[in-house]
Each structure stands twice: as C-alpha cells, then as structure tokens.
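**Q** Show me how the following folds:
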Amino acid sequence: MTRQPRRAYDPVQGPRTRRWGTPSAPHESSIAAQLAAFCAELRFADLPRAPVERAKELLLDFLGVCFRGMDTESSQAAVRSIRALSPPGAASILGDPTGAPAAWAALANGTAAHALEMDDVTARSSLHPGVAVFPAALALSEELGSRAEDLLVAVAAGYEVTMRVGNALNAASAYRRGFHPTGVAGAFGAAAASATLLRLDAERTAHALGVAGTMAAGSLEYLSDGSWTKRLNAGWAAHCGVVAARLAAAGFTGPSTAIEGPLGLLRGHSDSPLAAEATAGLGAELQLMRVSIKPYACCRYNHGLIDCVLQIRRGHEIALEDVEEIRLGVLSGGALLVAEPIEQKRAPRNVVDAQFSAAFAAAIALARGGAGYRDYCLAAVDDPVIRGLMQKVSCYRDAKLDAAYPDHWPAAVMIRLRDGTTLEARQPDPLGSPENPVDRAGLEEKFGQLVDRPFAPEVARQVWSLPEGSVDAILRPFIPASEVGSSS
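**A** Here you go, the predicted structure:
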C-alpha cells in the first residue's frame with residue numbers, strides 16, 4: 001500500500017447562527033478562552049529568534065527519539081494496530097513505508113517517541129511536551145501541506161498550552177492521584193497545535209480545548225508491572241489533539257470551563273491545583289524556553305542522580321566490589337516514581353521498571369559510566385553486577401533538595417566504600433536543563449547516535465535552516481527508500 005496524496009484543506013467557516021440548545025461562545029475569562037486567544041493570534045513574525053531556534057532544537061531531538069523508539073516492541077505493536085484501524089494516509093509514521101491519516105500517525109509517532117525515555121521534559125509541570133505536540137503538529141502539517149513557519153508557530157502554541165495546563169495541574173498532586181501529566185496536559189497542547197495549523201479562530205480553538213478536556217487521560221498504573229501504557233499516554237494525547245481540533249473545526253463544541261470548572265480537569269485530576277499558573281504571564285517569555293533535553297534514557301527524576309554518580313566516578317577510581325553503600329537524595333515530588341517502594345526499585349523486572357528505578361540509574365552509571373538507551377536493556381537489567389549494586393542503594397528525601405523544586409530538580413549522592421571512605425556529590429540542575437544546557441553540538445551527537453543513518457547530518461542541516469525548506473523534506477529521509485517515490 002502507498003500513501004494517499006494530500007488534499008487542500010478549507011477550514012469549516014460556516015454560519016454561526018445561534019439555535020435553541022446550542023452552547024454560547026466560550027466565556028472570554030475562562031482559562032481555555034485565554035489560551036485559545038493567545039494561540040489564534042500568534043504569528044511567526046511575533047516569535048523572537050530565541051524561541052524559533054529552541055523550537056528547531058526540540059524538533060531535532062524529537063525526530064531522533066521517535067525514529068529510534070520505533071524499533072521497540074511497543075511501537076511496532078502500536079503500528080500494527082493502526083494498520084488494522086485506519087486506511088493509508090498522507091502523514092508519515094517514521095521508519096514505516098506507508099503513511100496514515102494525521103490522527104493515527106500522531107498516535108504511532110507519539111507512542112514511539114516516548115518509548116526510550118529520552119524525549120524532552122519540563123521542570124515545573126513535570127511532563128514531556130514534545131511527544132504530544134510534535135506528533136500532532138508534524139502529521140497535520142503533512143496532511144494540510146503547511147509551511148514550515150506554520151509548523152513552528154503551532155509548536156510554540158502547543159508547548160505553551162501543554163506546559164501551562166501542566167503547571168496548573170500541579171504534578172506532585174496529580175501523581176498522588178495516579179495521573180500522568182504528559183497524557184493529561186498533552187492532549188490540550190496537541191489540540192492547541194492542531195487548531196493553530198487549521199487556522200481556527202479563538203472561539204473554535206477554545207472549543208477544541210474543551211473537547212480535549214473530555215479526552216485527556218493517562219494512568220500511572222504502569223508502575224506496578226512495567227507495562228507499556230506510559231508510552232501510549234503520549235501517543236494518545238497527540239491523537240486526541242488532532243481529533244479535538246478537527247471536531248472543533250467542524251462545529252463541535254466543548255465546555256469553555258473544561259480546565260478550571262467545578263467538574264473540569266483541575267478538580268478531577270489534582271487535589272491541589274494551581275489554576276492561576278495556567279495564565280500567569282501569558283504572552284511574556286514562551287514556555288518552550290523552559291524545556292530540558294534528556295541525555296539519559298530514563299525518568300528525569302533520575303538524571304540529577306546519574307550526574308552525581310558520574311561526577312564521583314570521574315574523580316575517583318572505584319572498584320565495584322569495594323562499594324558498601326549508595327545513598328541517593330531524591331525529590332519528594334518524584335519519589336513515588338523512582339524510589340518507592342525501594343524493594344521494588346531494587347529489583348526491576350523489565351526495561352520500563354529500570355527506567356523508573358533510582359537504584360538502577362545509580363548502578364548502571366557507576367558500573368558502565370553512562371545511562372544511554374543502549375544501557376537500558378534487558379541484559380543490563382539481568383546483569384548480576386548491576387543487581388548486586390542495586391541491593392546497596394537506599395533513597396532518602398531531603399528538605400534542602402525539595403526547597404528548590406519544582407523550578408529546579410537537584411539531587412545528592414553519597415557512596416561509602418569498604419574502607420570507610422565516603423564520596424559525595426550534589427547537582428543543582430541536571431544536565432540538559434536550561435540552567436545546564438546541552439549545546440547544539442551535543443544535540444547533533446545525540447541525534448546521530450539515535451538515528452545512526454547516513455542521512456542524519458543532512459536532516460540536522462535542514463532543521464537548522466528552518467523556516468527555509470519544508471516539513472516534507474525533513475521527514476522524507478525517515479521513510480524507507482523503497483516507498484519514497486510513491487509516497488507523495
């Protein structure tokens with residue numbers, strides 16, 4: 001099967017005659033209405049250079065983690081299901097010869113991009129915006145034939161909404177309720193990005209956000225057995241965002257108070273929501289400037305710990321058999337994810353368990369001097385040396401660390417050796433955060449390792465040249481060559 005050609009899209013702009021029983025326009029003071037107005041009014045000419053450049057960096061990072069993530073069993077299962085559920089379409093599934101309709105391509109790419117735990121991440125909202133926003137924006141851009149500058153605007157809008165809704169959700173509170181902020185807030189961001197590409201006005205964009213509110217989902221129960229649903233949470237958010245915007249474009253309505261209403265998102269998903277965070281400073285510095293790039297293939301709450309272990313390892317010759325104890329200072333906001341219960345975290349059963357184990361993160365970093373996607377594999381999970389080191393790990397909470405959270409994610413590590421020597425390190429901001437960034441050379445190195453194809457340098461060049469060039473030209477190399485000629 002080959003892809004269907006793109007068709008020009010004319011957004012639904014029919015008469016807005018009010019009939020009995022038809023909901024009124026979104027209330028202009030609601031959170032959804034304010035975010036929608038921001039998105040509908042955003043233009044490429046309004047974007048300062050720094051956010052444009054950051055959007056390109058995040059795009060390159062997304063392409064790398066998505067392409068490599070497509071190799072995982074969970075991603076392949078998602079693609080097989082999509083083939084059974086949908087016909088071919090104009091949007092690319094990275095690494096796959098046959099396109100899909102935008103909503104389904106977004107599901108596949110979002111699920112794949114979240115598989116490695118190397119996708120971008122935020123501090124205050126504690127979520128992964130890129131795996132919800134980019135799959136929706138790229139797929140719909142292909143389907144619509146959008147310009148590259150339109151994609152960048154949609155990405156800025158999508159990140160803004162995802163992160164602001166996530167800020168209001170209060171991640172630590174949402175975690176306690178069992179919700180995954182990426183899946184919950186990501187649906188709103190994907191809807192915002194999609195509505196922007198569809199050129200919906202503020203009223204219809206607000207309806208898209210209202211529809212997204214009834215679709216937003218994401219459970220943390222994967223922590224119980226290491227199953228794949230965390231990965232699906234990202235893909236589902238991207239899928240729902242496209243569907244929500246398409247529904248709104250066709251005239252479907254959603255509640256204007258979907259976020260802060262008495263039965264809305266914040267009441268349903270958090271015990272301690274921070275509603276004002278959703279709109280505070282809206283229109284000032286764009287949220288995407290606060291996004292972190294992940295150098296390690298695990299939960300972000302482990303990254304500061306890995307930095308500390310690597311710092312100790314670089315400064316001292318340590319024989320693994322001499323290690324008596326490893327104490328990890330973890331943030332209370334992430335303890336549920338990576339440190340508790342400690343007996344379970346010392347005994348991961350699969351890669352997902354390992355990705356969410358502070359004990360594994362410390363052990364793999366100490367034993368191998370790294371924590372990349374190749375280190376997070378079943379062979380490492382079953383390695384008796386790693387297993388032995390994990391039994392020596394304990395985790396504790398520290399009020400001094402928590403004082404900087406959520407804007408900063410510090411960590412502390414102490415390693416005690418058999419002769420009584422103690423080695424300590426602290427990390428105020430994990431590598432990849434805005435305060436401790438990875439430069440473009442580092443981004444290209446990560447991208448090259450993940451893609452590992454001759455076309456990788458050219459894709460990076462095209463991304464850096466945006467908005468010159470096209471979305472199609474960037475994505476085309478990721479389509480198997482045998483199908484490229486028949487896919488456009």
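**Q** what helix or strand does Gly283 sit in?
**A** Under the criterion DSSP states H and E, no helix or strand holds Gly283.
**Q** Oh, that last question was meant for Gly235, not what I typed.
**A** Using DSSP H and E, Gly235 maps to helix 229-249.
**Q** How about Cys395?
**A** Assigned by DSSP H and E, Cys395 falls in strand 393-397.
**Q** mind listing the strands in the protein by residue range?
**A** All strands of the chain, identified by DSSP state E, fall at 121-122, 291-292, 323-330, 393-397, 411-417, 422-427.
**Q** Which one, of those strands, ends up nearest to Ala216?
**A** Closest of the strands of the chain to Ala216 is strand 121-122, at 16.8 Å (criterion: Cβ to Cβ). Just so you know, the C-beta spots here come from the backbone N, C-alpha and C atoms, and that holds for glycine as well.
**Q** list the helices and strands the closest one packs on?
**A** Strand 121-122 is packed against strand 291-292, with contacts defined by 3 or more Cβ pairs under 8 Å, 6 or more residues apart in numbering; DSSP states H and E.
**Q** Pairing partners for the strand it packs on, with directions?
**A** Counting by DSSP bridges, the strands paired with strand 291-292 are strand 121-122 (antiparallel).
**Q** Check the offset of the partner strand from the chain's centre.
**A** Taking the mean of its C-alpha atoms, strand 121-122 sits 7 Å from the chain's own mean (Cα atoms, centre = their mean, to the nearest Å).
**Q** Average pLDDT for that strand, rounded please.
**A** Across strand 121-122, pLDDT averages out at 98.
**Q** what do you get for stretch 167-184?
**A** Mean pLDDT, stretch 167-184: 96.
**Q** swap in stretch 42-54?
**A** Stretch 42-54 shows a mean pLDDT of 96 in the predicted model.
**Q** Could you pull out the buried residues of that stretch?
**A** Under the neighbour-count criterion of 16 or more other Cβ atoms under 10 Å, stretch 42-54 has 42, 47, 51-52, 54 buried.
**Q** Tabulate the residues you listed in a markdown table, adding columns for distance to Leu138.
**A** Shown next, in a markdown table, are the buried residues of stretch 42-54 (distance: Cβ to Cβ, whole Å):
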| residue | distance to Leu138 |
| --- | --- |
| Leu42 | 18 |
| Leu47 | 18 |
| Pro51 | 18 |
| Val52 | 17 |
| Arg54 | 17 |
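**Q** from these, which ones fall inside helices?
**A** Residues of the buried residues of stretch 42-54 located in helices (DSSP state H): 51-52, 54.
**Q** hmm, back to that, quick one: the helix holding Gly235 to chain centroid distance?
**A** 13 Å.
**Q** can I get the CA coordinates of it in CSV?
**A** Extracted C-alpha coordinates of helix 229-249, given in CSV (Å, rounded to 0.1, in the frame of the first residue of the first chain):
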residue,chain,number,x,y,z
THR,A,229,0.8,2.3,28.8
LYS,A,230,3.0,5.2,29.8
ARG,A,231,4.3,5.3,26.2
LEU,A,232,0.7,5.2,24.9
ASN,A,233,-0.2,8.1,27.1
ALA,A,234,1.9,10.3,24.9
GLY,A,235,0.7,8.9,21.6
TRP,A,236,-2.9,9.1,22.8
ALA,A,237,-2.6,12.7,23.8
ALA,A,238,-1.2,13.5,20.3
HIS,A,239,-4.0,11.6,18.6
CYS,A,240,-6.7,13.2,20.8
GLY,A,241,-5.4,16.7,20.0
VAL,A,242,-5.8,16.2,16.2
VAL,A,243,-9.3,14.7,16.7
ALA,A,244,-10.3,17.5,19.1
ALA,A,245,-9.2,20.2,16.7
ARG,A,246,-10.9,18.5,13.7
LEU,A,247,-14.1,18.2,15.7
ALA,A,248,-14.0,21.9,16.6
ALA,A,249,-13.3,22.9,13.0
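**Q** This completes my enquiry, with thanks.
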